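Chemist: output the structure for:
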Amino acid sequence: MQRIRCAIFIDFDNMYSGIRALDEAAAERFAEDPAAWLSWIETRLDRPTEDLQDARRTLLLRLCYLSPHRYGKYRSGFVRAGFQVVDCPPRPARARTAPTSAWSSTWWTPSSTRRASTSSS
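Modeler: Residues are numbered from 1 along each chain as shown. Next up is the predicted model:
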């Protein structure tokens, strides 16, 4: 039997809150029993091409990013389902998300802007 090798990355906070906005019971099922929907992904989710219709997905990497202070009670279910859980504590409100080094803050700048800014230095 052919295998489709896959990786799954879960942004728990966003997925849970998005599902919860639509259906609270579905959000709880998603959070409390990840093994159930993982089984569906591995065995029943449509295959990308006709020649892979009989293939089975193998999840080689399972990562779940989760805020432990808000959703820590769901962590153990994901660990039991084979996920590596990455704790993502809240960031300070004033934390920078932009690059911090001088090089990294200019690498994406259009070359004409970069030339103009370097010639005036």
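Chemist: contacting residues for the nearest residue to Asp11 once chain neighbours are set aside?
Modeler: In space, Asp11 comes closest to Tyr65 once its chain neighbours are excluded; the distance is 5.4 Å by CB to CB, 6 or more residues apart in numbering. Where you see a C-beta, it was placed from the backbone N, CA and C, and this is true even at glycine. The contact partners of Tyr65, by CB atoms under 8 Å, 6 or more residues apart in numbering, come to 9-13, 86, 88.
Chemist: repeat that for 6 Å
Modeler: By CB atoms under 6 Å, 6 or more residues apart in numbering, the residues touching Tyr65 are 11, 86, 88.
Chemist: for the chain, name the helix or strand with the lowest mean pLDDT.
Modeler: For the chain, counting by mean pLDDT, DSSP states H and E, helix 102-106 ranks last in confidence among helices and strands (a mean of 41).
Chemist: how far out from the middle of the chain is stretch 21-29?
Modeler: 19 Å (CA atoms, centre = their mean, to the nearest Å).
Chemist: sorry, back to before: for the helix or strand where the residue nearest to Asp11 lies, buried residues please.
Modeler: In the assignment (DSSP states H and E), Tyr65 maps to strand 56-66. For strand 56-66, the neighbour count (16 or more other CB atoms under 10 Å) marks 57, 59, 62, 64-66 as buried.
Chemist: name the residues of the helix or strand following it that come out as buried.
Modeler: Per DSSP H and E, strand 56-66 leads on to helix 68-71 as the next helix or strand towards the C-terminus. Neighbour counts over helix 68-71 (16+ other CB under 10 Å) mark Tyr71 as buried.
Chemist: give me the pLDDT for the nearest residue to Gln84 once chain neighbours are set aside.
Modeler: Spatial nearest neighbour of Gln84, excluding adjacent residues (CB to CB, 6+ apart): Leu63 at 5.4 Å. With respect to pLDDT, Leu63 has a value of 97.
Chemist: so Leu63 bridges to which residues?
Modeler: Beta-bridge partners of Leu63, counted by DSSP bridges, are Phe9, Gln84.
Chemist: surely it touches Phe9?
Modeler: Yes. Leu63 lies in contact with Phe9 (CB atoms under 6 Å); the separation is 5.0 Å.
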